[in-house]
Every structure is written in C-alpha cells, then in structure tokens.
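[1] dropping the sequence and predicted coords here.
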Amino acid sequence: MPQLPRSRRLRRIVFAYTINRFGTWFGYVALSIVVFDQTHSALAVAALLVGSQVLSAFLVPALVARVESTSAPSSLSGLYLFEAVVTGGLAFVVSSHFSLPLVLVLVAVDGTAALAASALLRAAAANCARESVASLGADEQEREKAAQEAERVANAAMNVGFAITFTLGPALAGLTVPAFGASTALIIDVVSFLACGAIVMNLRPHVDDTETASVQERLRAALTHIKGAPNLRRLLITQAVALTFFTVSGPVEVAYAKLSLDAGDSGYGVLVGTWGLGVTIGSIVFARSIDRSLRLLLSTATLAVGLSYIGWALAPGLIVACAIGLVGGLGNGVQWASLISSVQKLTPRALQGRIMGAVESVGAIAPAVGFSLGGALTALSSPRTAFFVAGVGATLSTIAFLRINTDAGVPVQAPAGQPEDEPSVERLSPEAAEATAARSSHVGSSGAMTQG
C-alpha cells in the first residue's frame, strides 16, 4: 500500500473495492448456508451460484459500455445503489417466505450489476495509476514502463484489499449467520453497497469516444482487439478453462465442511477464511514481485491452487484442510492479480473498461460451468471426488499458461509479414485502435461480445 501512487482518487477506488468485497462475503456465506439448509442439496447451492453468473456473462459487456457512454458523475454509484435495493429484497425473502426461484432471480440481477461495477472500478484504477506517472520527465519508453509498474501496484493494492476481506469476511459471516440469522448478514451487505456508492459518488467512468461511437460499435472495437491480439485471446481462453476447475469448489465447500470434515457452519467459515488468509499472503507476495515475470507468477499460482484441491480431496480433518487451503489461497492471491496485470499489459488504454468487462464475462461463464460440475460431482459421488477432479484439471491448465507470452505487452511495430495497408489494432495507439475498430464495425456478426 505505501507503494501506491499518490492519487486520492486511486486510493478511494481501492477503499471502495475493499468495502464492497467485505459486504459481498456476508451475502455469499449467508445465501449459501440458507439454500443448503432449506434444500439439503449441493445442486441447489450450485444453482444459486450459477444463477449469479449466467445472465451476467452476457449482459456485463453491454452494461459496461453503456455506463461508460454516460457523463453523469453518479452512474457508477447508481449501480451500487441498485445492488443495495436488490440485496434488501433478498433479505426480505430469506426472513419471511423462502422461495428458491425468487432468490435465483434476484441473485442473477444483482450479479450483473456487481460484475459491471467491478470491471469499471478495475479500469478506473488502471487509468488513475497511469495518470499518476504521466508527468514524469522521461522518454516515452520509460514512461510506459513506469505506467505498467503503477498499474501492477494498483492491482496489488486492490488484491490486498480483496485478500483482507477474504480472510475476515467468511469467518465473521460464518459466526454472524448462526448467531443473528442470514437476513442480518444480508443487511450488512446492503450497508456495504451504500457506503461504496457514497465513496465513488463523483467517479466518472465516462470515456472520450462515446460521441462518435455507439455502444454496439464500442463493443465491436473491444472484440476486434481481442481477435487481433493472439496472446490476449489465448490468455482469456486458458483462464476460462482454469477458472472452470477453480470454481468447482463453490457448491462443494459447504457439503465438504459439514459432511466430509464434520466441521459444521463455523468450520465452513474457518475453512474459507483460512483460504482467504492465504490470499492475503499471496497478495503481499504479488505486491513484492513487481519486477517478476507475469507468466511465471501466473503459472506457479495456478499450480498451487490445483495441488491444494487435490490435497483437500485427501485431507483427514479440518486442521489439515486449513493448512492445505492456506497454500491454495496463496496461489489464488497471486493468480488473479497476475491475470489482471497481464490483460492490462496487453490492452490499449482506451479499451481498458471494455476488456475488463470481457474478463468479468470470463469470470461469469467459467464459474457457471464449474459450479454445475461441482454440484453434479458431489451429488453423484462425494465432495472429495469433486475436489480431486478440480485439482487435476487446474494443475494441467498450468501447462497452457506457460506457453503464453503474457509479458509481451501491446506491440508497437507491425508483425513480420503483415502488409502495411492492413493495420493491426494491436499495434496501433489506443486512439488509432479505436478509430480502426469503429471503421470496421460494420463487418462481422452481432455486436454482442462473445468469448471463444
């Protein structure tokens, strides 16, 4: 945190992100416990988690582009206010007449707003970090290097904030739900959204191209960049595969803690909280590894998560599972921050918001598959089997990460053999990339951004 650029706006963003994540953990734990207790089914928990992802995956890119297109200073705050209202509705449903279908609908709507807000905050943090070093009296190459380092420091700070909440949030929520009820935990989530909205009240995610490009054209500009950037495209695909196996654990953890480890609600909170402690350590490791290869960090972290899941499949009790989870959490803390920094390094500044939207879409689609797989494996076999399958898949995805040059950055020269009359969006300046993508936006299929 002391390395964070001296920008009050950037520090507000990091603080808002941290507050938001803290409240979100209360909502996550409360709803997971309530759904499992009401249905006694890991498949129902999987449905809860999938419901928060599927709709979001298709709507987040368009919502990000729409919010970016408005100059209203309260547009981002509006997303958090909307989340507060929806989460208040969840608290009412949980405390009165429980209805799984209604819970799934509300969670899906809330998830769309949450992922869009997260993408916009990530992009805003990257832009603030770059602006903080824009006035350095160095040549262009040195300024770019300083800007990339500032981005990584900002990502590290946000990752530390996430890790702190990952450590405290689940553990405190695991104590709050049995003592005061799930509705109380959800009200805490509502308060966090309101606080976050107040903190970012004057933060404008507006970008400069909205006067000449429609939302559809701006989505196509982002898709054109992804298609023209092989390293970025392979990175997103590989992360989708890895994240699918990572998120198998979502609907399995409650059953694993209660049935396999016989640890109860509190044990579930401690298990997830210990993983969060590992994330905190991993965040510190990433923050102190600014000069290290992103490819090495990303691959090693992915391997740590995979091996930890295999360890959970074999763990005899809660203490051993927590020790293994500490290692897995460390990998988790390094992996996501390394991914975000890699994506930002491979993306022109003008496209940061929309490409972060694409990352959030990957972070929604992959868990939808992972949650479903985890619920099905647990129902058909056991939580331990589900973790073993997840561990093997995550471990194997390490090989693919090793083959991606995530340290390359956005090229400034034409690739060898590419005709000069066919400009690549990847090698142009951000402004030229936007213009080229907009001119070519009438070619292709739909304007909705897709992954593949």
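    Noted; the coordinates are in hand. Residues are numbered from 1 along each chain as shown.

[2] tell me how far residue 184 lies from residue 95.
    Taking C-beta to C-beta, to the nearest Å as the measure, residue 184 falls 9 Å from residue 95. For the C-beta atoms, the positions are set from N, CA and C on the backbone; glycine is no exception.

[3] oh, that last question was meant for residue 143, not what I typed.
    54 Å.

[4] residue 66 too?
    Look at residue 66 and residue 95: by C-beta to C-beta, they are 33 Å apart.

[5] repeat that for residue 358.
    For residue 358, the distance to residue 95 - C-beta to C-beta - is 37 Å.

[6] of the two, who's got more company?
    The residue with more neighbours, out of residue 358 and residue 95, is residue 358; 26 against 15, by other C-beta atoms under 10 Å.

[7] check which helix or strand covers the more buried one.
    helix 352-380 (DSSP states H and E).

[8] could you pull out the buried residues of that helix?
    Residues of helix 352-380 classed as buried by neighbour count (16 or more other C-beta atoms under 10 Å): 352-378.

[9] and that helix, what does it pack onto?
    With contacts taken as 3 or more C-beta pairs under 8 Å, 6 or more residues apart in numbering; DSSP states H and E, helix 352-380 sits against helix 42-51, helix 54-68, helix 100-132, helix 215-228, helix 230-246, helix 318-345, helix 383-402.

[10] I'd like to check the angle between it and helix 383-402, please.
    For helix 352-380 against helix 383-402, the angle by axes from the mean of the first three to the mean of the last three C-alpha atoms, to 10 degrees is 150 degrees.

[11] kindly calculate the angle that helix 352-380 makes with helix 100-132.
    Going by the same axes, to 10 degrees, helix 352-380 makes 140 degrees with helix 100-132.

[12] can you report how many residues lie near residue 316?
    Going by other C-beta under 10 Å, the residues that sit close to residue 316 add up to 9.

[13] quick one: it and residue 334, what's the gap?
    Applying C-beta to C-beta to residue 316 and residue 334 gives a distance of 28 Å.

[14] what about stretch 311-321, distance to the chain center?
    27 Å (C-alpha atoms, centre = their mean, to the nearest Å).

[15] list the buried ones in it?
    Quick answer for stretch 311-321 (16+ other C-beta under 10 Å): 311, 312, 313, 315, 318, 321.

[16] of the residues you listed, which is the nearest to residue 86?
    Lowest distance from residue 86 to these (C-beta to C-beta) belongs to residue 312, with 32.7 Å.

[17] can you pull the contacts of that closest one?
    Residue 312 makes contacts with 256, 321, 324, 325, 328, 384, 387, 391, as judged by C-beta atoms under 8 Å, 6 or more residues apart in numbering.

[18] low-confidence regions, the protein specifically.
    Residue ranges of the chain with pLDDT under 70: 1-6, 69-74, 133-140, 204-215, 218, 407-452.

[19] gap between residue 257 and residue 273?
    When residue 257 is compared with residue 273 (using C-beta to C-beta), they lie 11 Å apart.

[20] could you dump the buried residues of stretch 311-321 to JSON lines with distance to residue 343?
    Output for the buried residues of stretch 311-321, formatted as JSON lines (distance: C-beta to C-beta, whole Å):
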{"residue": "311", "distance to residue 343": "29"}
{"residue": "312", "distance to residue 343": "29"}
{"residue": "313", "distance to residue 343": "31"}
{"residue": "315", "distance to residue 343": "33"}
{"residue": "318", "distance to residue 343": "36"}
{"residue": "321", "distance to residue 343": "32"}
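
[21] what's the closest of those to residue 291?
    Proximity of those to residue 291 was ranked by C-beta to C-beta; the top entry is residue 311 with 30.5 Å.

[22] how much distance is there from whichever strand or helix holds that closest one to the middle of the chain?
    Secondary structure from DSSP H and E places residue 311 in helix 294-314. Relative to the centre of its chain, helix 294-314 is centred 18 Å away, using C-alpha atoms, centre = their mean.

[23] just the CA coordinates for that helix, please, in CSV.
    This file holds the C-alpha atoms of helix 294-314, laid out as CSV (Å, rounded to 0.1, in the frame of the first residue of the first chain):
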residue,chain,number,x,y,z
LEU,A,294,3.8,-12.3,-15.0
ARG,A,295,3.9,-15.6,-16.9
LEU,A,296,5.9,-17.3,-14.1
LEU,A,297,3.7,-15.8,-11.4
LEU,A,298,0.5,-16.8,-13.2
SER,A,299,1.7,-20.4,-13.9
THR,A,300,3.1,-21.1,-10.4
ALA,A,301,0.0,-19.7,-8.7
THR,A,302,-2.3,-21.9,-10.9
LEU,A,303,-0.3,-24.9,-10.0
ALA,A,304,-0.6,-24.1,-6.2
VAL,A,305,-4.4,-23.9,-6.5
GLY,A,306,-4.6,-27.2,-8.4
LEU,A,307,-2.4,-29.1,-6.0
SER,A,308,-4.3,-27.7,-3.0
TYR,A,309,-7.6,-29.1,-4.3
ILE,A,310,-6.0,-32.5,-4.7
GLY,A,311,-4.8,-32.1,-1.1
TRP,A,312,-8.4,-31.3,0.1
ALA,A,313,-9.6,-34.5,-1.5
LEU,A,314,-7.2,-36.4,0.7
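
[24] how about that helix, which residues are buried there?
    Applying 16+ other C-beta under 10 Å to helix 294-314 flags 294-295, 297-313 as buried.

[25] what's the spacing between the residue nearest to residue 14 when sequence neighbours are not counted and residue 399?
    Distances taken as C-beta to C-beta, 6 or more residues apart in numbering put residue 157 closest to residue 14, at 4.9 Å, once the chain neighbours are dropped. Counting by C-beta to C-beta, the separation of residue 157 from residue 399 is 31 Å.

[26] which one's more surrounded, those two?
    Neighbours were counted for residue 157 and for residue 399 using other C-beta under 10 Å; residue 157 has more, 27 against 12.

[27] which SSE is immediately downstream of the helix or strand hosting the more buried one?
    Taking DSSP H and E as the criterion, residue 157 maps to helix 140-180. Later in the chain than helix 140-180, the nearest helix or strand by DSSP H and E is helix 182-199.

[28] check the offset of that following helix from the chain's centre.
    On C-alpha atoms, centre = their mean, the centre of helix 182-199 falls 20 Å from the chain's centre.

[29] and that helix, what does it pack against?
    helix 8-39, helix 75-95, helix 140-180.

[30] cool, thanks, talk later.
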